[in-house]
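J.: mind looking at a prediction? Sequence and model below.
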Amino acid sequence: MQFDAFTQTDPRLVALVEALNPAQREAVTAPSEHRLVLAGAGSGKTRVLTHRIAWLMAVEGVSAHSVLAVTFTNKAANEMRGRIEQLVNVPVRAMWVGTFHGTAHKLLRLHWREAKLPQNFQILDADDQQRLVKRVLKGLEMAEDRFPPKMVTGWINAQKEEGRRPHQMADQGDYSQRQLVRAYTAYQQACEAQGLVDFAELLLRAYELFRDQPAVREHYHRKFRHVLVDEFQDTNTLQYLWLRLLCGPEAKIFAVGDDDQSIYGWRGAKVENIQKLSRDYPGIELVRLEQNYRSTGTILKAANGLIAHNSGRLGKNLWTEDREGEAIQLYAAYNEYDEAEFVVNRMRDYLDGHGRYSDLAVLYRSNAQSRVLEEMLIRARLPYRIYGGLRFFERMEVKDALAWLRLLVNRDDDGSFERALTTPPRGVGATSLEKLRAFAKQHELSLWKAARSGSAALGRTSGALGLFLDQIDLLDQQTRELPLAAKMEKLIERSGLKEHYKKEKGEQAEARLENLDELINAAKSFERPEEEGLDPVLNFLTHAALEAGEGQANAGEEAVQLMTLHSAKGLEFPVVFMVGLENGLFPSMRAVDEGNLEEERRLCYVGITRARQQLTISYAETRRIHGVEQICAPSQFLKEIPSETLVETRPRAAVLRSSFGVQSGRGGYGGGGFGGGGAPRSGLGSGYEHGNAWRERQQEGYNLSRPALSAKMTAEVGYGGYKLGQRVSHPSFGEGTILSFDGEGERTRVEIRFANAGTKWLMLAMAKLSPL
Ligand SMILES: Nc1ncnc2c1ncn2[C@@H]1O[C@H](COP(=O)(O)OP(=O)(O)OP(=O)(O)O)[C@@H](O)[C@H]1O
Ligand SMILES: [Mg+2]
């Protein structure tokens, strides 16, 4: 049916199609055919999908029962349902809208018998799954060091995601592979026996249900006449196979996606599914949307320019009618604290102009980056929410490591005692722990004291426990004299936590290890000399406890949003900060090593295109990694973004920043050595001014290394003749590089990274340095 006929008859339908451009309208109102909407970010794909459903219901008389819509997150599913209800003005509870996992779960609940599951089957979450795999490995006498449970779990999940069952792999591969298949078989048997279903199994079971049960398949073939999928580029092999099975001969597929936003290849997503879809449904109508409605001209130009560096794209041309808008602000921070402070200051400026907290989003590559941002947001009393994740000090691995530190400080802290005793696991089981608890309670002792009592009542437990107690005492002795960060580092190593999380493998493990490293960085920042007199360990633990309970906004409350670039997919915000654009961080070292630079570039494209009006990009010239200040090179993506869309922002000379010892060395450069300056100040960012140094540097080929840059930016300033980036020699510590200064006059302190003695703060006046 053509929309024109309706525009005159029903005002609701007028509204439905009026808010669409001709290409979108065409996609929404076209007769039912298979359709693939392939279009760039912000071109209205999700909007078209939602309107399509509303149109089908309102005009084509399609019942809510016969629609299946698959989205990427539960949140997106809820929003989509709400939007459709608004458009058609009736509740659409009967409609199936959800994620792939959610839909599979629903099907298995409804058809547990055909799926050969017990009616009350339970979902195994990632932790439970891991534990079960561990038990299975033990039963098979497969050594944990050769087959770490985390690795085996990951392997099993990957098989399931490719649709492979153990029997299909029998007698294949080398010895290790055959052992893994043996573990998969036994694990699967254990799940079946106990009525347990893990996440990957949800999808595989649902797929097999459709494959093996013609009655079920045909029922859904009759039911679902319209199957709509958002973010199609990130479907994996099994999801695609399942979609194909779900769609009967009468069903029409409506898939929307963007090959330039495929960012889950590392998790098995196959962007090739886009071509596959065209091959498997030869008559499929391809729709292209080219007008972007989200971002300003400048932001779009930056995104287009960046993504043009990828090869093998399906190609599209995205434009906007929107005004050019402000230039993208680029900020070269001295270090991560300076970067976070800058972000918070810009947020304050925006909020002063009566903007809302929820307009603001900070996007980062790695989860661990949130810590410093959180610290600054809490200080600035800006409510924030971590979208799709936990606050830094609430993350499991961070709490695990802190439990060990707490226990060193206070052996009678029962919570920390239990946590440290059981993570990493050391063979003290639940029954033994129960016995210990009972004994402690009965004698009114802490768990530590109860365990130390060596009571016979604790039975066999005492062996493993005794070892643990001795380990804690020994660690305490060994680390007593160490500075806080070194102590933390040693604890993370010696407790076995690092090894424990390493075994997990994959992106998740990587994130946990990064968080543990970040914890060492956090500890380092508590070694500040100005806080001498206060015990840094206690100070640090108090800080961690307080931050875990502060700042985060409650659900529904207005808040600034923090999230990884991956979780930002599909979302949009008026003001976006993309932080940490440094080689090694973004693009991540791992991605580059593994040849996934193009996926990283797509991730950057996703980040840029989340912004509606303002985008600020930043990188730090130095960043603490493993507690050591490292000099960073700006991300290669910065070079790939058209330079005319960027303008460099820098602190004004008058604003010598203060609060975080390590960063105020930056004070030197506001005076002017760095680049051209001279550009008019923008109305935003009152403490900052904008220059065209960036452009000049680009013209220079932008190949200055960081030390060269640092030297350049401080060329005209310095403390007592010393400059940032300068090489110096110290009578005891040897040669090093100046990283920052703090304080003034006689009280000036200098931070130096020594080649053989680590990084140290010294009083400049006393330090007996000589320039090299
Ligand atoms: N025809 C239109 N008129 C006005 N606004 C529109 C139109 N089409 C889309 N928009 C708006 O543009 C923004 C981007 O739309 P949408 O989120 O649907 O894009 P998308 O293609 O799904 O983006 P992404 O690739 O990031 O998922 C939304 O705010 C949407 O409401
Ligand atoms: Mg979308």
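T.: Everything's here; your move. Numbers count the residues shown, from 1 in each chain. Ligands and ions are numbered 1, 2, ... in the order given.

J.: mind pulling up the pLDDT for the residue of the stretch 601-750 of the chain found nearest ligand 2?
T.: Among all residues of the stretch 601-750 of the chain, T609 sits closest to ligand 2, at 10.2 Å; criterion: Cβ to the ion. C-beta here means a position set from N, CA and C on the backbone, and glycine is covered the same way. pLDDT for T609: 97.

J.: contacting residues for it?
T.: Residues near T609 by Cβ atoms under 8 Å, 6 or more residues apart in numbering: 40-42, 292, 294-295, 299-300, 303.

J.: now for the residues you listed: which two are most distant?
T.: G40 and I299 (12.4 Å; Cβ to Cβ).

J.: ok so, going back, which ones among the contacts of T609 map onto strands?
T.: Judged by DSSP state E, strands contain none of these.

J.: helix, strand, or coil at Q159?
T.: Judged by DSSP: H, G, I helix; E, B strand; the rest coil, the three-state class of Q159 is helix.

J.: and stretch 263-275, is it in reach of ligand 1?
T.: No. Using Cβ under 6 Å from any ligand atom, stretch 263-275 stays clear of ligand 1, coming no nearer than 11.3 Å.

J.: buried stuff in that stretch?
T.: By neighbour count on 16 or more other Cβ atoms under 10 Å, the buried set for stretch 263-275 is 263-265, 268-271, 273-274.

J.: can you put those residues in JSON lines and add pLDDT and distance to ligand 2?
T.: Output for the buried residues of stretch 263-275, formatted as JSON lines (pLDDT from 0 to 100; distance: Cβ to the ion, whole Å):
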{"residue": "I263", "pLDDT": "93", "distance to ligand 2": "13"}
{"residue": "Y264", "pLDDT": "88", "distance to ligand 2": "15"}
{"residue": "G265", "pLDDT": "86", "distance to ligand 2": "19"}
{"residue": "G268", "pLDDT": "82", "distance to ligand 2": "21"}
{"residue": "A269", "pLDDT": "84", "distance to ligand 2": "16"}
{"residue": "K270", "pLDDT": "87", "distance to ligand 2": "19"}
{"residue": "V271", "pLDDT": "88", "distance to ligand 2": "16"}
{"residue": "N273", "pLDDT": "92", "distance to ligand 2": "17"}
{"residue": "I274", "pLDDT": "91", "distance to ligand 2": "15"}
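
J.: can you say which helix or strand has L562 in it?
T.: Taking DSSP states H and E as the criterion, L562 maps to strand 560-564.

J.: name the strands paired with the next helix or strand after that strand and say parallel or antiparallel.
T.: Of the helices and strands lying after strand 560-564 in sequence (DSSP H and E), the nearest is strand 573-578. Applying DSSP bridges, strand 573-578 is found paired with strand 360-364 (parallel), strand 611-620 (parallel).

J.: which among those strands is found nearest to ligand 1?
T.: Closest to ligand 1 of those, according to Cβ to the nearest ligand atom: strand 611-620, at 7.6 Å.

J.: direction included, what does the next helix or strand after that closest one pair against?
T.: The helix or strand immediately downstream of strand 611-620 is strand 622-625, counting by DSSP H and E. In the sheet containing strand 622-625, its partner strands are strand 628-631 (antiparallel), by DSSP bridges.

J.: ok now the strand it pairs with, how far from the chain's centre?
T.: 23 Å (Cα atoms, centre = their mean, to the nearest Å).

J.: can you show me the CA trace of that strand as PDB?
T.: Coordinates of each C-alpha in strand 628-631 appear next as PDB, following Å, rounded to 0.1, in the frame of the first residue of the first chain:
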ATOM      1  CA  VAL A 628      55.400   3.400  35.600                       C
ATOM      2  CA  GLU A 629      54.900   6.600  33.700                       C
ATOM      3  CA  GLN A 630      55.300   5.900  30.000                       C
ATOM      4  CA  ILE A 631      55.600   8.200  27.100                       C
END
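
J.: and whichever helix or strand comes after that strand, what does it pack onto?
T.: Sequence order places helix 636-640 as the next helix or strand after strand 628-631, per DSSP H and E. Contacts defined by 3 or more Cβ pairs under 8 Å, 6 or more residues apart in numbering; DSSP states H and E place helix 636-640 against helix 297-307, helix 597-608.

J.: okay, now the sheet partners of the helix or strand just after the first one, with direction.
T.: Counting by DSSP H and E, the element after helix 297-307 in chain order, helix or strand, is strand 328-333. Based on DSSP bridges, the strands next to strand 328-333 in the sheet, each with its direction, are strand 611-620 (parallel), strand 646-651 (parallel).

J.: what's downstream of strand 328-333, the next helix or strand?
T.: Downstream of strand 328-333, the first helix or strand assigned by DSSP H and E is helix 336-352.

J.: tell me the angle of that following helix relative to strand 611-620?
T.: Using axes from the mean of the first three to the mean of the last three Cα atoms, to 10 degrees, one finds that helix 336-352 and strand 611-620 are set 150 degrees apart in direction.

J.: what comes up buried for helix 336-352?
T.: Buried, per 16+ other Cβ under 10 Å, within helix 336-352: 336-347, 349-351.

J.: likewise for stretch 153-169?
T.: For stretch 153-169, a neighbour-count test (16+ other Cβ under 10 Å) marks 153-157, 159-161, 163-164, 166, 169 as buried.

J.: circling back: which among the buried residues of helix 336-352 gets closest to A509?
T.: For the buried residues of helix 336-352, the closest approach to A509 (Cβ to Cβ) belongs to E336, at 22.7 Å.

J.: let me know the pLDDT of that closest one.
T.: On the pLDDT scale, E336 gets 93.

J.: in contact with it, which residues?
T.: The neighbours of E336, taking Cβ under 8 Å, 6+ apart as the test, are 369, 372, 580, 620, 623-624.

J.: quick check, the residue in this protein closest to ligand 2?
T.: Going by Cβ to the ion, ligand 2 is nearest to T46 of the chain, at 3.3 Å.

J.: what about that residue, how many neighbours?
T.: A total of 21 residues lie near T46 under the criterion other Cβ atoms under 10 Å.

J.: now name the helix or strand holding it.
T.: Counting by DSSP H and E, T46 is part of helix 45-58.

J.: just L436 next, same as before
T.: Going by DSSP H and E, L436 is part of helix 430-442.

J.: what packs against that helix?
T.: In terms of contacts (3+ Cβ pairs under 8 Å, 6+ apart), helix 430-442 is packed against helix 414-422, helix 447-452, helix 462-479.

J.: what ranges do the strands span in the stretch 101-250 of the chain?
T.: Here the stretch 101-250 of the chain has its strands, by DSSP state E, counting those that start in this stretch, at 122-124, 196-198, 226-229.

J.: which of the buried residues of stretch 153-169 sit farthest apart?
T.: Spatial extent of the buried residues of stretch 153-169 (Cβ to Cβ) is set by the pair T153 and G163 at 17.8 Å.

J.: which parts of this protein sit against ligand 2?
T.: 45-46, 570 (Cβ under 5 Å from the ion).

J.: which helix or strand contains the spatially closest residue to R419 that is not a sequence neighbour?
T.: Distance criterion Cβ to Cβ, 6 or more residues apart in numbering; nearest residue to R419, sequence neighbours excluded, is A403 at 3.8 Å. Counting by DSSP H and E, the element that carries A403 is helix 396-409.

J.: if we can go back for a sec, looking at G40 and I299, which is more packed in?
T.: I299 (29 against 26).

J.: surely the more buried one meets Y605?
T.: No. Taking contacts as Cβ atoms under 8 Å, I299 lies outside contact range of Y605: 11.2 Å.

J.: pLDDT on stretch 58-65, on average?
T.: For stretch 58-65, the mean confidence score works out to 90.

J.: just the buried positions in it, please.
T.: Neighbour-count burial for stretch 58-65 [16+ other Cβ under 10 Å]: 58-59, 62, 64.
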